[in-house]
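Q: pasting a predicted model and its sequence here:
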Amino acid sequence: MSNPAETEPEPGLSRRPVEIVTALILIGLAGLVLWDSYGRGAGWDNGPENGFFPARVGWLFLAASLFILVQSFRSENKIFVTWEQLKQVTRVLGPLVLFVALIQPLGLYVASAAFILVFMGVVGTSRWWSILLTAILVPIVCFWVFELQFRVPLPKGPLEAALGY
Amino acid sequence: MDDFASLITGFQVALSWQNVGFMAIGVVLGIIVGVLPGLGGPNGVAILLPLTFGMDPTSAIILLSSIYWGALFGGAITSILFNIPGEAWSVATTFDGYPMAVQGKAAEALTAAFTASFIGALAGVVLITFVAPLVAEFALRFGPAEFFAVFLLTFCSFIGMGRENRAKILASLCIGFLLAAVGLDSISGDLRMTFGSTELMRGFDFLIVVIGLFGVSEILLTVEEGLVFKGKQARIDLMVVLRTWAGLPRYWLTLARSCLVGMWMGVTPGGAIAASFMGYGLAKRFSKRGKNFGKGEIEGVLAPETAAHAAGTSALLPMLALGIPGSATAAVLLGGLLVWGLQPGPMLFVEQKDFVWGLIASMYLGNLAGLIIVLATVPLFAAIMRIPFSYVAPVILIVCAIGAYTISNSIFDIWLMLIFGVVGYVFKKLDFPLAPLVLALVLGDRAEDAFRQALLGSAGSLNVFYANGLVTTLVVLALMLLCWGPVSDLIGAVRNRGRASKAAEAAE
């Protein structure tokens, strides 16, 4: 948050393109909503048809998005995110995507262990044994809390099957 | 005095062994949630909601609302000791809280913050106790048109009173409404906006959206700033607490003012965040020591904390009495009530008396328990913040994923959570407000039902929205609130222009 204002601004992705792209996506979504609602009928047929309300919200949405698009050209072009910050974010987001992708084949517990290993390895501020310990302990604690105490079934994979759960 | 008797019965419900236990657990969990970045009131409650499905509704809502109280308390700890607001509504607390901690007065600042929170919350609960039944009774006369007018009032006040860019607030609201409309239409039974996808047939569960928007995105924002926190030490002993308490009566005016601001902002969905800033601003303007604000003035801690808590608590009033939540967390609690088959709104006060008064009684007790627990355990929670973030972040994200999965046992929901996490990150950076989105998502179906039923009743004529005095008043009020912001902006702009041209003349 506290960007040093006086010193040389850090290089990064500027805000305006992001604003414009976001506004365009929103306009696209509004168009999609309107297309879908009018496709199903947004008029009156012994009462409002099921597209009636979404269509009206869709028009408002379209107007707001267009306004945001216009505004984005007039707004001050600051830095949206510096490259350094973006690197930090991808360090979390990358392992996170991997984690979610692994849940289906491996089950949530094994995927969490992998997630912790990769994430803490990428960040690289901890010693290897503490990473390993966290990666083993956290899933076990989760298993104990959710599976054994609250009896909430979470996705399980081959490892749990081999252990008889 | 019928209500008073109900309240006593409520205390009996809330004081059962089991419920006091849940209250303590809830407060502790809430403080943890409030202290850790990435877990806030809304998504803390959202993640734990599925775990309470097996519980008795009264106990479950006591547990969940206690988490809310805990989160309100916990936000102050990180603001004061670490200069990192654990919650958006404790941003204003950092202005004077952190300087106090730097001066070695962390214990006083914390005591003041917690006590102020308690006073604010108490004011909110008293308001709920006395006003909510009246509002509910009044609202029993509402038909669909009146209800839609109240919804309109809520949404218009968001746009009119919001501090963010108005087009962005409107866009946020629309996104919420449209997400709510996806899936099975409850009136006609048709599928809407699913585009042939079976996964979308269930629609977007607001809990998933909340976990993504508030949880995952918050983690992404936090890691931007690096992964290390540095904080001040604090230990609270009884002497400091008593000394600080002895000094508090001097600030009664500030406290009272902040309570009023908070109650007003909480009932109208201005929210705790705006309330805390307003409380701080007003105290700064009216205090004799206003110049010292920002340098470690205890009043600067009291004012925003009181207002934030009064607002956070009052936000539950419209949620209970009208079924319209005043804040994102209240919206999540409302979602919880719906899951248990309790329809919040005026009928709740008639049909589920025990539940309502049990909940209100638990608000008194929960806040008292919160104050005691938080005073006793500050060092512990400060220690949590000292755990490196590289350990905490993956655990929070795993818990978020588990929370998203358990809502309807679907891995697709975890992907949705991830997508909404990225959306939330971009939206927060672009100053799109997220609370209106969540609120519209929760209320979308009911607002639409009310709208369609009202129109069905009048055979499509919009006359129904000014058919009688009540509904006309509500609609006019809504339009006034809607125009409030733009008009005051316009006045401000005209004045500024006047000033600028005068300045230009003077320069010539």
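A: Now that the structure is in, tell me what you want to look at. Since this is a predicted model, take the numbers as computed values, not measurements.

Q: helices of chain A, start to end?
A: In chain A, the helices defined using DSSP state H lie at A:15-40, A:52-74, A:83-106, A:108-123, A:128-142, A:158-163.

Q: next: the stretch 101-250 of chain B.
A: B:106-139, B:144-161, B:166-181, B:206-210, B:217-224, B:238-247 (DSSP state H, counting those that start in this stretch).

Q: name the nearest residue to the residue in chain B that chain A sits nearest to, sequence neighbours excluded.
A: Of all residues in chain B, B:Cys174 sits closest to chain A, at 3.6 Å by Cβ to the nearest Cβ. Any C-beta I mention is one placed from the backbone N, CA and C, and that applies to glycine too. Once flanking residues are discounted, B:Cys174 sits nearest to A:Phe61: 3.6 Å by Cβ to Cβ, 6 or more residues apart in numbering or on different chains.

Q: wait, what's in contact with the one you found?
A: A:26, A:29-30, A:33, B:170-171, B:174-175, B:178 (Cβ atoms under 8 Å, 6 or more residues apart in numbering or on different chains).

Q: okay, the helices of the stretch 101-250 of chain B in TSV with mean pLDDT next?
A: TSV is the format used below for these (pLDDT from 0 to 100):
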stretch	mean pLDDT
helix B:106-139	86
helix B:144-161	81
helix B:166-181	89
helix B:206-210	82
helix B:217-224	82
helix B:238-247	78
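
Q: circling back to that earlier point, ok, how many other residues are close to the residue of chain B closest to chain A?
A: For B:Cys174, the count of nearby residues is 27 (other Cβ atoms under 10 Å in any protein chain shown).

Q: likewise B:Phe214?
A: By other Cβ under 10 Å, the residues close to B:Phe214 number 29.

Q: and the residue located most distally from the centre of chain A, what pLDDT?
A: No residue in chain A sits farther from the centre than A:Asn46, which is 41.5 Å out by Cα atoms, centre = their mean. Looking at A:Asn46, its pLDDT reads 71.

Q: now swap in B:Lys230 and tell me
A: pLDDT, B:Lys230: 58.

Q: related to what we said a few turns ago, turn the helices of chain A into a markdown table, including distance to B:Arg257 and mean pLDDT.
A: Formatted as a markdown table, those follow (distance: least, Cβ to Cβ, whole Å; pLDDT from 0 to 100):
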| stretch | distance to B:Arg257 | mean pLDDT |
| --- | --- | --- |
| helix A:15-40 | 37 | 89 |
| helix A:52-74 | 35 | 89 |
| helix A:83-106 | 39 | 89 |
| helix A:108-123 | 45 | 88 |
| helix A:128-142 | 46 | 88 |
| helix A:158-163 | 57 | 82 |
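
Q: tell me the most buried of the ones you listed?
A: With neighbours defined as mean count of other Cβ atoms under 10 Å in any protein chain shown, the helices of chain A peak in mean count at helix A:108-123, which reaches a mean of 22.

Q: gap between that helix and the chain center?
A: Centroid displacement of helix A:108-123 relative to its chain, using Cα atoms, centre = their mean, to the nearest Å, is 18 Å.

Q: circling back to that earlier point, distance-wise, check the residue farthest from the centre of chain A relative to chain B.
A: 9 Å (Cβ to the nearest Cβ, to the nearest Å).

Q: and that residue, its phi and psi?
A: phi 50, psi 40 (degrees, to the nearest 10).

Q: ok, the spatially closest residue to B:Leu416 that is not a sequence neighbour - contacts?
A: Spatial nearest neighbour of B:Leu416, excluding adjacent residues (Cβ to Cβ, 6+ apart): B:Ile208 at 5.1 Å. With contacts defined as Cβ under 8 Å, 6+ apart, the neighbours of B:Ile208 are B:404, B:407, B:413, B:416-417, B:420.

Q: which residues touch B:Phe130?
A: By Cβ under 8 Å, 6+ apart, the contact list for B:Phe130 reads B:Asp3.

Q: gap between it and B:Phe151?
A: 25 Å (Cβ to Cβ, to the nearest Å).

Q: what residues does stretch B:250-261 touch?
A: Residues contacting stretch B:250-261 (Cβ under 8 Å, 6+ apart): B:116, B:119-120, B:123, B:248, B:275, B:278-279, B:282-283, B:286-287, B:298-299, B:302-304, B:306-307, B:310-311.

Q: about what we covered before: I'd say the residue of chain B closest to chain A and A:Ile68 touch.
A: No: B:Cys174 lies out of contact with A:Ile68 (Cβ atoms under 8 Å); the separation is 11.3 Å.

Q: re the thing from before, turn the contacts of B:Ile208 into TSV, including secondary structure.
A: Shown next, in TSV, are the contacts of B:Ile208 (DSSP: H, G, I helix; E, B strand; the rest coil):
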residue	secondary structure
B:Ala404	helix
B:Ile407	helix
B:Asp413	helix
B:Leu416	helix
B:Met417	helix
B:Phe420	helix
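
Q: and the furthest pair within the residues you listed?
A: B:Ile407 and B:Phe420 (13.1 Å; Cβ to Cβ).

Q: by contact count, what packs against the helix or strand containing B:Asn496?
A: Per DSSP states H and E, B:Asn496 falls inside helix B:469-507. If contacts are counted by 3 or more Cβ pairs under 8 Å, 6 or more residues apart in numbering or on different chains; DSSP states H and E, helix B:469-507 sits against helix B:144-161.

Q: report whether the helix it packs on contacts chain A.
A: No: against chain A, helix B:144-161 shows no contacts by Cβ under 8 Å from any Cβ of the partner chain, the least distance being 9.9 Å.

Q: how much space between the residue in chain A that chain B sits nearest to and A:Val18?
A: Per Cβ to the nearest Cβ, A:Phe61 is where chain A lies closest to chain B, at 3.6 Å. For A:Phe61, the distance to A:Val18 equals 19 Å [Cβ to Cβ].

Q: now swap in B:Ala171 and tell me
A: From B:Ala171 to A:Val18 the distance is 15 Å (Cβ to Cβ).
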